[in-house]
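In: Quick one: sequence and predicted model below, then my questions.
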Amino acid sequence: MSERMTARQAIATVASVFEELEELEEQFEELEELGVPDRDFPEDGPLAWSGYGTSRARATERTGETESVVCGVASVEGRPCVVLSFEFGFLGGSLGQRTGDRLEAAYETARERRLPLVSLIATGGSRMQEGMLALTQLQRVARQSALLKEAGLPQIAVLRDPTTGGGWATLGAGADVILALPGAQIGFAGSRVRPADADPAAYRAEGQLAAGQIDAIVRKEDLRGVLAGWLTLLGGAGGSEPAPVPAPFGKSGLPADGWEAVTRARATGRPRAESYLDAYFPHRQALSGDRCGGVDPGMLCGFGLHAGIPYAYAAQTGTATTPAGYRTAARLIRLADRLGIPVLTLVDTPGAANDAAAERAGQGAAIADAFAALASARVPVTTLVIGEGGSGGALALTSPDRTWVTADSYFSVIAPELAAAILKRPESEVRSTASQLRLRPQDLVELGVARGVLGA
């Protein structure tokens, strides 16, 4: 189980400077004008829940807080942001009406000051002593989150122990980047309301990472540095210029025919995506998972700094891309587009995964979504084909107007072996079929598919 920190301990873990927001009367007056009920409810709350007032008083005495969340403006290693931190010791970090007021004030401050929002979450969900009035606070949070996204500002969540119920389903799972402390309990269902035979591993940070629901598990001692890195990458506007094309690794000359292009692209010793990313980005942070239960290790996505400018990247690593891979890439492209950060894609796949598991997981819809994300992106997308360009599975990550190819790559409507099989040609004609497909790097330039060849 992850170590449980108080709200202010969690803030001190990540921030060197913190200035708490004050709940101004003017804000409440504005809420009342919008028809939001008066927060100055009777001692036992809007439902007159017997003992509720006494419970709140005890929670205040025990924690020193008057509500379950603390909000303010902070600095994380010099990067300004708005931070909200839950106090689990105050009625289990539950969300009530006054919690909603504070959360709304935090989101409004982030929008007004054009700052990223960081949520340090530890909550058991909505406060039952306030009934449906507490549950509807989730709608307020969802609305504020949507407004922040519309404003082009990032949200980063840090999941502490526990993060369950509506807090997970809004502030947590709705964030752009989701980090978790080791062993943290995470799930919509809290420990007391799960099926008796439920696998406890599915409700831990490690299980959620494996299922593609969070981006990374970060140790407490590393949290400040990791957050600072993300705020650097996402907190400032990206450059308006396209990502520069990565430099090739040496010169290998152009292939003589189509089959040579294919065999060179399939060679085990040629540079792969990791090598290109390491050379291109001195600092990068990874996104992981499709938020639908899947992770594709063959699709590397994230953000990095190149020449001091942030760019997003989606890179195939030479394996057949699964639906989870395409969905993760689409998530990355849409996030970068919303934040105004140009995108770099590295194409290298024999094609989309075509097994039964991929079909059951929605391969067609996932590829369509990747095509749509890239086609609708307003930020420039730069593509370098670094190995195999296997049909639509590769094209789904390819820029329609800013694509380059390396000398050790090919791009084809279909693999030459499959083309020969469809045409009922013998194996001896695979090589000639490869040349007929005009899939060599120089062919792609002549056909207008690519702008140029690198490393020739």
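Out: Arrived safely.

In: for the protein, which spans come out with low pLDDT?
Out: Residue ranges of the chain with pLDDT under 70: 1-3, 23-41, 236-238.

In: Apply 80 and report the result again.
Out: 1-3, 22-42, 189-194, 196-198, 236-239, 456 (pLDDT under 80).

In: Roughly how far does residue 381 sit from residue 450?
Out: 14 Å (CB to CB, to the nearest Å). (C-beta placed from N, C-alpha, C; glycine too.)

In: Confirm for me that residue 182 is in contact with residue 205.
Out: Yes: at 6.3 Å, residue 182 and residue 205 qualify as touching, with contact defined as CB atoms under 8 Å.

In: what about these two, which has more around it?
Out: A count of neighbours by other CB atoms under 10 Å puts residue 205 above the other of residue 182 and residue 205, at 26 against 15.

In: And that one, how close does it get to residue 190?
Out: Distance, residue 205 to residue 190, by CB to CB: 15 Å.

In: Repeat that for residue 227.
Out: 26 Å.

In: higher neighbour count, the two?
Out: Counting neighbours by other CB under 10 Å for residue 227 and for residue 190 shows that residue 227 has the greater number, 27 against 18.

In: and that one, what does it touch?
Out: 14, 76, 118, 156, 158, 179 (CB atoms under 8 Å, 6 or more residues apart in numbering).

In: Equivalent analysis for residue 204, please.
Out: The contact partners of residue 204, taken as CB under 8 Å, 6+ apart, are 183-186.

In: So the residue lying closest to residue 289 once chain neighbours are set aside, which state does it fall into?
Out: Among residues not flanking residue 289 along the chain, residue 212 sits closest, at 2.7 Å (CB to CB, 6 or more residues apart in numbering). Three-state call for residue 212 (DSSP: H, G, I helix; E, B strand; the rest coil): coil.

In: Residue 212 contacts residue 325, correct?
Out: No: Residue 212 is not in contact with residue 325 according to CB under 8 Å; the separation is 10.3 Å.

In: what about those two, which has more around it?
Out: Neighbours per residue (other CB under 10 Å) separate residue 212 from residue 325, with residue 325 holding more: 33 against 20.

In: Give me the residues contacting stretch 418-434.
Out: Residues contacting stretch 418-434 (CB under 8 Å, 6+ apart): 257-259, 261-262, 412, 414, 416-417, 437.

In: could you dump those to a markdown table with distance to residue 110, secondary structure and neighbour count?
Out: Listed next are the contacts of stretch 418-434 as a markdown table, based on distance: CB to CB, whole Å; DSSP: H, G, I helix; E, B strand; the rest coil; neighbours: other CB atoms under 10 Å:
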| residue | distance to residue 110 | secondary structure | neighbour count |
| --- | --- | --- | --- |
| 257 | 57 | coil | 12 |
| 258 | 54 | helix | 23 |
| 259 | 56 | helix | 19 |
| 261 | 50 | helix | 31 |
| 262 | 51 | helix | 24 |
| 412 | 47 | strand | 25 |
| 414 | 49 | coil | 17 |
| 416 | 53 | helix | 24 |
| 417 | 54 | helix | 14 |
| 437 | 52 | coil | 20 |
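
In: Name the nearest of those residues relative to residue 374.
Out: residue 412 (19.4 Å; CB to CB).

In: Quick one: buried ones out of the contacts of residue 227?
Out: Among those, those classed as buried by neighbour count (16 or more other CB atoms under 10 Å) are 14, 76, 118, 156, 158, 179.

In: Let's have those residues in JSON lines, adding distance to residue 275 and secondary structure.
Out: As requested, the buried ones among the contacts of residue 227 are exported to JSON lines (distance: CB to CB, whole Å; DSSP: H, G, I helix; E, B strand; the rest coil):
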{"residue": "14", "distance to residue 275": "33", "secondary structure": "helix"}
{"residue": "76", "distance to residue 275": "31", "secondary structure": "strand"}
{"residue": "118", "distance to residue 275": "33", "secondary structure": "strand"}
{"residue": "156", "distance to residue 275": "29", "secondary structure": "strand"}
{"residue": "158", "distance to residue 275": "31", "secondary structure": "strand"}
{"residue": "179", "distance to residue 275": "27", "secondary structure": "strand"}
